[in-house]
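Q: My questions are about this predicted structure, shown below with the sequence.
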Amino acid sequence: MVDLIEKKRDGQELSTEEIKFIINGYTDGSIPDYQVSAFTMAIYFKGMTEKERADLTMAMVESGDQIDLSGIKGIKVDKHSTGGVGDTTTLVLGPLVAALDVPVAKMSGRGLGHTGGTIDKLEAVSGFHVEIKNEEFIELVNKNKIAVIGQSGNLTPADKKLYALRDVTATVDSIPLIASSIMSKKIAAGADAIVLDVKTGAGAFMKTLDDSKELAKAMVRIGNNVGRRTMAVISDMSQPLGFAIGNALEVKEAIDTLKGEGPEDLTELCLTLGSHMVYLAEKAGSLAEARTLLENVIKDGSALEKLKVFLSSQGGDASVVDDPSKMPQAKYTFELEAKEDGYVAEIVADEVGTAAMILGAGRATKESIIDLAVGLVLRKKIGDEVKKGDSLVTIYSNFENVEEVKAKLYESIKISATKVEAPILVHGEITE
Ligand code: URA
Ligand code: CA
C-alpha cells in the first residue's frame, strides 16, 4: 500500500489490479484508514486518468452485492439527480416513461435532507408500501413497467466506507472520487443505461457551471467506458425546481404535472430528461420523436393512468390522483407577503430547503420523523414581478408559530427594484 500511495503521489497511473487491491483491502479492513486517507488526498491533488476512474468505479461495484435485473424485459434506464431542493422529477418521470413501455425498476431510499426521499413522498399515499420481495418487484415491472422497492442488500460497501472517510479528511471535493462514487451506486443497482441530471447553482452540490460540466463529463465517460450508455443534462438549481417543497405537496405537484398542469420548469425538465430515457431505451428513433411521444401520453391521460396503476399495485389508494386532498393536510397555512414592490432576484434554494425542514418536511438526523403534510409552495420564481403584499410563498404547517420559518424565507428571497431575467433551465447536455 505504501508503494501505491507513493505512485499516486508522484502522479503515475495505477493498474486495474492495483486499484482492486486497495478497494478490496479497504473493504475487508486489511488496509487502515490512515493509508487510504493519504491515498485519497493524493488523488485530490493528482487526479485520476479515465482508465483509473473506470477501474475505481468497477472495484467499488464489485465490493458488494449487485442487483440482477436481467429478469426484466427491455433496456432498464435509470435516472440519477445530483440533488437539489424540491426536485419532484422522479415522481413525474417514473409513470411518464413507463407509459411508453420504458421499464422503470427503481430502488429508492429515505435519507436525510430538506424533504424525504422518493419513498417518503410516496408514503403520503395511504397504503403505499415498498416492502416487496425481489420476485414481486421484477413481476410488477414486467407487468406494469414500473415499481419501486426499498433499498436492501449490501450495495457498494467500499463507497460507503470511502465516502465517510472523505467526509472527515477534506477529500469529498474531488471530481474523480465524486464521479466514481455516484456511478458505482447506479451500476450496482443494475441499470443498463443512465440519464444523469447534474444540478448547478446555489442549491446544488456543484455551485459553478464549469464544475458541474466537469463532473457530468467525468460520469458520462465512466458509464460509457464500463458499458452502460450514459448521458447527462445540466440543469439549473439556482432556485428550487417547480413550486412545491414537501412530501404530500410534491406528490400533488407530480400529479398536476402528469395532467399537463404542472409548473413550467418542472414540466420542461421532465420532458428533457424523459426524452433521453425513452431514446436510450430505444423506444424512439430520435429525441424529437421521444418528446412528442411523451407529450402525447400527458395529453391523452395515459401517464396519469400509469401513476394510478403504479400506486394501487403497491397497495396505495389511487383515488388520491383524482382527489389529492386525501393525502395528509397541514392544519395551518400562512402567506409570506412581499415587503416591497420589485422583481424576484434570488431564491436561495438550500435556505428554502432548510425552511421546509424546520417545518418537519425533512430529516435533520436519521431518527427524525417526517411530517408528510407540511412544506412550502412558492408563489413567485426568479424574474417574476411582485407588488408589496403579494404572497411569495404559502407555508403549510402543523405549528401555529412559523416566525422562524418566515425569517429564514425572507432572508433567502431577494427582491430587486430592477427587472431580473429568469435563469436558463437547461445549461447543457453531455453525451459520449
Ligand atoms: N454524492 C455521492 O454519492 N458521492 C460523492 O462522492 C459525492 C456526492
Ligand atoms: Ca418541486
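A: Great, that's in hand. Ligands and ions are numbered 1, 2, ... in the order given.
Q: switch to C-alpha atoms for all contacts and neighbour counts from now on
A: Fine.
Q: And the residue nearest the centre of the protein?
A: Ser81 (3.2 Å; C-alpha atoms, centre = their mean).
Q: and that residue, how far is that from Ala204?
A: Ser81 sits 10 Å away from Ala204, going by C-alpha to C-alpha, to the nearest Å.
Q: between these two, what contacts are shared?
A: Shared contacts of Ser81 and Ala204, defined by C-alpha atoms under 8 Å, 6 or more residues apart in numbering, are absent.
Q: Val104 versus the closest residue to ligand 1 within the chain, what's the distance?
A: Distances between the chain and ligand 1 by C-alpha to the nearest ligand atom are smallest at Ile178, namely 3.5 Å. Going from Ile178 to Val104 by C-alpha to C-alpha gives 25 Å.
Q: what residues does this protein put near ligand 1?
A: 163, 172, 177-178, 181-182 (C-alpha under 6 Å from any ligand atom).
Q: If you rank the residues you listed by neighbours, which is first?
A: Neighbour counts for the residues of the chain next to ligand 1 (other C-alpha atoms under 10 Å) peak at Leu177, which has 26 neighbours.
Q: name the element that one belongs to?
A: Leu177 belongs to helix 175-188 when assigned by DSSP states H and E.
Q: Tell me the helix or strand right after that helix.
A: In N-to-C order, the element after helix 175-188 by DSSP H and E is strand 193-200.
Q: mind checking how far that next one is from the chain centre?
A: 8 Å (C-alpha atoms, centre = their mean, to the nearest Å).
Q: what do you get for stretch 341-357?
A: 20 Å.
Q: still on that earlier bit, buried residues of the helix holding Leu177, list them for me.
A: 175-188 (16 or more other C-alpha atoms under 10 Å).
Q: what does that helix rub up against?
A: 47-48, 53-54, 56-58, 60-62, 65-67, 78, 80, 155-156, 159, 163, 172, 194, 214-215, 218-219, 222-223.
Q: ditto for stretch 8-27
A: Contact with stretch 8-27 is made by 1, 4, 7, 31-33, 36, 39, 42-43, 46-49, 52, 55-56, 59-60, 63, 157-158, 161, as judged by C-alpha under 8 Å, 6+ apart.
Q: Stretch 208-226 too?
A: Residues contacting stretch 208-226 (C-alpha under 8 Å, 6+ apart): 50, 53-54, 57-58, 175-176, 178-180, 183, 194, 196, 198-201, 206, 229-234, 427, 430-432.
Q: Quickly note the distance from the residue of the chain closest to ligand 1 to Glu261.
A: Using C-alpha to C-alpha, Ile178 is found at 36 Å from Glu261.
Q: if we can go back for a sec, buried only: go through the contacts of stretch 8-27 for me.
A: Buried, going by 16+ other C-alpha under 10 Å: 4, 31, 36, 39, 42-43, 47-48, 52, 55-56, 59-60, 63, 157-158, out of these.
Q: Columns distance to Asp256 and pLDDT on top of the buried residues of helix 175-188, output as a markdown table?
A: As requested, the buried residues of helix 175-188 are exported to a markdown table (distance: C-alpha to C-alpha, whole Å; pLDDT from 0 to 100):
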| residue | distance to Asp256 | pLDDT |
| --- | --- | --- |
| Ile175 | 36 | 96 |
| Pro176 | 38 | 98 |
| Leu177 | 38 | 98 |
| Ile178 | 34 | 96 |
| Ala179 | 33 | 97 |
| Ser180 | 35 | 98 |
| Ser181 | 34 | 97 |
| Ile182 | 30 | 96 |
| Met183 | 31 | 97 |
| Ser184 | 34 | 97 |
| Lys185 | 31 | 95 |
| Lys186 | 29 | 94 |
| Ile187 | 32 | 96 |
| Ala188 | 33 | 95 |
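Q: quick one: which two of those are the most distant?
A: Pairwise distances across the buried residues of helix 175-188 (C-alpha to C-alpha) peak at 19.8 Å, for the pair Ile175 and Ala188.
Q: can you tell me the distance between the two ends of stretch 415-430?
A: For stretch 415-430, the end-to-end distance is 34 Å (C-alpha to C-alpha).
Q: what's the answer for stretch 255-274, then?
A: 16 Å.
Q: Ligand 2 versus Glu351, what's the distance?
A: Using C-alpha to the ion, to the nearest Å, Glu351 is found at 15 Å from ligand 2.
Q: hang on, the earlier thing: let me know the closest of the buried residues of helix 175-188 to Glu289.
A: For the buried residues of helix 175-188, the nearest to Glu289 is Lys186 (26.8 Å; C-alpha to C-alpha).
Q: who are the neighbours in contact with Leu69?
A: If a contact means C-alpha under 8 Å, 6+ apart, then Leu69 has 138, 190-191 as its contacts.
Q: would a markdown table of these with neighbour count, pLDDT and distance to Thr118 be doable?
A: Written out in a markdown table, the entries for the contacts of Leu69 read as follows (neighbours: other C-alpha atoms under 10 Å; pLDDT from 0 to 100; distance: C-alpha to C-alpha, whole Å):
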| residue | neighbour count | pLDDT | distance to Thr118 |
| --- | --- | --- | --- |
| Ile138 | 21 | 96 | 19 |
| Gly190 | 20 | 93 | 18 |
| Ala191 | 24 | 90 | 18 |
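Q: Give me the neighbour count for the closest residue in space to Pro263 that isn't next to it in sequence.
A: Among residues not flanking Pro263 along the chain, Gly242 sits closest, at 5.3 Å (C-alpha to C-alpha, 6 or more residues apart in numbering). Gly242: 25 surrounding residues under other C-alpha under 10 Å.
Q: Let's verify Gly242: helix, strand, or coil?
A: Under DSSP: H, G, I helix; E, B strand; the rest coil, Gly242 falls in the coil class.
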